[in-house]
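# Here's a sequence, model it:
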Amino acid sequence: MRKQWIATLCLIGGCTVAMAAPKKALTVPMKDSKGAEVGQIMITEKAKTVTLNVMLHGMPAGQHGIHIHANGSCTAPEFTDAGGHLNPDTKKHGFKNPMGHHAGDFPSSITVKDDGNGSMKLTNKDVTLKPGEPNSIFGKSIVVHESADDEMTDPAGASGKRIACGVVPESM
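I've put the predicted structure just below:
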């Protein structure tokens, strides 16, 4: 009843208060080279920053590079059809690289503990969830590599084989 009363007042007198729409999150299931689900990534965007909440399980322990790749395809076992890193500005790899970094790079690797679980919050100001933009991650893929990313070696930070992959949907 209260919402109807407020809506009626707004229609009569005009309201300047806008209701904020809840932020939607994309969920990207991650699969290993055998097709088993090994986690998921929740993706949101706020204030021109894309946030990935990464939750992995059943993965090898250690440091693993993680990147946004240019193609929205993850054919096991090698995931090569995911292409290279998202790189609309044709830069080099890694945040330590003086030539700049790919839009799909992150400044750190994810740590997986001895129990096979790892979680991390990653942020990226170089990509967007706006459809049609050259740096949009819609229809791209996210790849976890077997080793840590050295943040410098082109093209993939010497992070080794691709061991898990997930496709970002074409839209929300």
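
# what helix or strand does the most centrally placed residue in the chain sit in?
Using CA atoms, centre = their mean, the residue of the chain that lies closest to the mean C-alpha position is residue 52, 4.9 Å off. Taking DSSP states H and E as the criterion, residue 52 maps to strand 49-56.

# Sheet-wise, list the partners of that strand with their directions.
Strand pairing for strand 49-56, using DSSP bridges, gives strand 37-46 (antiparallel), strand 118-124 (antiparallel).

# next helix or strand past that strand?
Using DSSP H and E, the first helix or strand after strand 49-56 is strand 62-64.

# mean confidence for that following strand?
Strand 62-64 carries an average pLDDT of 97.

# Which strands or helices does it pack on?
The contact analysis (3 or more CB pairs under 8 Å, 6 or more residues apart in numbering; DSSP states H and E) places strand 62-64 against strand 110-112. Every residue, glycine included, has its C-beta placed from N, CA and C.

# Pull out the buried positions in the strand it packs on.
For strand 110-112, a neighbour-count test (16 or more other CB atoms under 10 Å) marks 110, 112 as buried.

# Equivalent analysis for stretch 100-107, please.
For stretch 100-107, burial by neighbour count (16+ other CB under 10 Å) applies to 100, 101, 102, 103, 104, 105, 106.

# Test my guess that residue 40 contacts residue 31.
No: using CB atoms under 8 Å, residue 40 is not in contact with residue 31, being 10.1 Å away.

# Run through the bridge partners of the residue nearest to the centre of the chain.
On the basis of DSSP bridges, residue 52 is bridged to residue 43, residue 122.
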